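Undergrad: Next comes the sequence, and after it the predicted model I'd like to discuss.
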Amino acid sequence: MNRFETEVPDGRFDPKLCLSSGQVFRWKPETQGVWRGVDGEHHYSLSVRSSPDGVTVAVETNATEEQFSSLFRLDTDLEEVESEILAEAPELAPSVRGLHGLRLMRPSDPQEALACFLCTVNNNLARITKMANCLAEYGDPIAGAAERWARRFPLLERIAQIPEEELRQLGFGYRARTIPSIAAQVGERGDGWLDDLKRRPYEQAVDELLTLKGVGRKLADCIALFALHHTEAVPIDTHLWQASVNLYFPEWRGRSLTDSRYLKLGGWFRDRFGKRAGWAHQYLYYAHLLGIEHAP
C-alpha cells in the first residue's frame, strides 16, 4: 500500500467536482472530505484538506503517485486551460470560475470506461452509478485489498456473457441487451482494438466506434473522451444542448437535437477550442446541470 500527499495551490484541484461531474462512476464520498473509489486495477482512499493556499490530498492506494496524478490530469496546468478557454469564450466565465478546480479526468482502463458509459444512455447520474457498480460485482477483488468495493472491473469478454434476464433483474432495462451485445462486438475486433483507437485521430476513432451496433454519436463521443482520451470529443446531451442553444444558437430554441445539429455543434466546439473542446464541454455541461446561469 502506498501513502503520499499531493498539494495543489490556489484551488487548481477540487476532487469533489471531478468525481461527481459524470466522468467516473465508481467513487463514493465516505465522510466530509473523504472519498474512496476504483480506477482500473487501482483502489484509492482520498482525504481532502482545503486551506486558503490550496488543497492537500492524502492518498492511500496501490497505485503510484504518478498514476494518481495521471488520473486527475495533475500534469496539466489548469490555469493555462482556463485562460485559453476564457480567451476564446469570455462568456463561459460563470462556469469556469464557478467550477474552479474541475479537471477533465483520464481513466486508465478503456474497457472499464467504455462499459460504464454504456450505462449512461437515457439515464441519470444516480442510476448510472448504481449500474456501473453492479457490473463491477462481476469482477475479481483487487489483490491485497480487503474492502469489498475494491474490485477490478470485469473484462468486456465477461460482460458479454452476462445473461440479459440477469441484468434486467438488476434494473438495467433495455440496456440488459445492449451492454453485453456491444461488449461482444468490441471483443470480436480483437485484443488491442481500443488501445489502437487511442492512437488514431479523433474522427477516425469515432468512425470506428460508430461501427458498433447500438453506439450512436453521443455515446461514441463519451467513449472517445473518457476511454480513449481524445480531448476534442464533445458529447452532447440535453444539458450541453440547452446551454449551447441559450448561449450560441438562439435560432434553435424550441427545436430538437438532430444528427445534423449534433455534428454542427460538436464541430463548432472543436473549431473554437481545438484540443480544449472536451474541457469546455465539461465546464458548460456541469454548470448547466448545477444551475449555474450564463447570460446569452
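TA: Everything's here; your move. Numbering: from 1, shown residues only.

Undergrad: Check the gap between the residue lying closest to Cys134 once chain neighbours are set aside and Leu125 for me.
TA: Closest residue in space to Cys134, ignoring its immediate chain neighbours: Leu170 at 5.1 Å, by CB to CB, 6 or more residues apart in numbering. C-beta coordinates here come from the backbone N, C-alpha and C atoms, glycine included. Leu170 is 18 Å from Leu125, where distance means CB to CB, to the nearest Å.

Undergrad: Report pLDDT for the residue nearest to Cys134.
TA: Looking at Leu170, its pLDDT stands at 96.

Undergrad: again, but for the one 5 residues further on
TA: At Arg175, the pLDDT value in this model is 96.

Undergrad: so who does it touch?
TA: Leu118, Cys119, Val121, Met131, Leu167 (CB atoms under 8 Å, 6 or more residues apart in numbering).

Undergrad: in stretch 184-201, what counts as buried?
TA: Gln185, Val186, Gly187, Leu194, Leu197 (16 or more other CB atoms under 10 Å).

Undergrad: Look at that stretch and report the distance between its end residues.
TA: 24 Å (CA to CA, to the nearest Å).

Undergrad: Thought Ala132 was touching the residue nearest to Cys134, still the case?
TA: No: taking contacts as CB atoms under 8 Å, Leu170 lies outside contact range of Ala132: 11.7 Å.

Undergrad: Which one's more surrounded, the two?
TA: Ala132 (20 against 15; other CB atoms under 10 Å).

Undergrad: ok, for that one, nearest residue in space, not its chain neighbours?
TA: Phe25 is the one closest to Ala132 (CB to CB, 6+ apart), at 3.9 Å.

Undergrad: For the one you found, give me its contacts.
TA: Cys116, Cys119, Leu125, Ile128, Thr129, Ala132, Asn133.

Undergrad: Wait, a helix at it?
TA: No: according to DSSP: H, G, I helix; E, B strand; the rest coil, Phe25 belongs to no helix; its state is coil.

Undergrad: number of nearby residues for the closest residue to Gly101 other than its chain neighbours?
TA: Computed as CB to CB, 6+ apart, the closest residue to Gly101 that is not its neighbour in sequence is Asp14, at 2.7 Å. Neighbourhood size, Asp14 [other CB under 10 Å]: 20.

Undergrad: Perfect, I'm done here.
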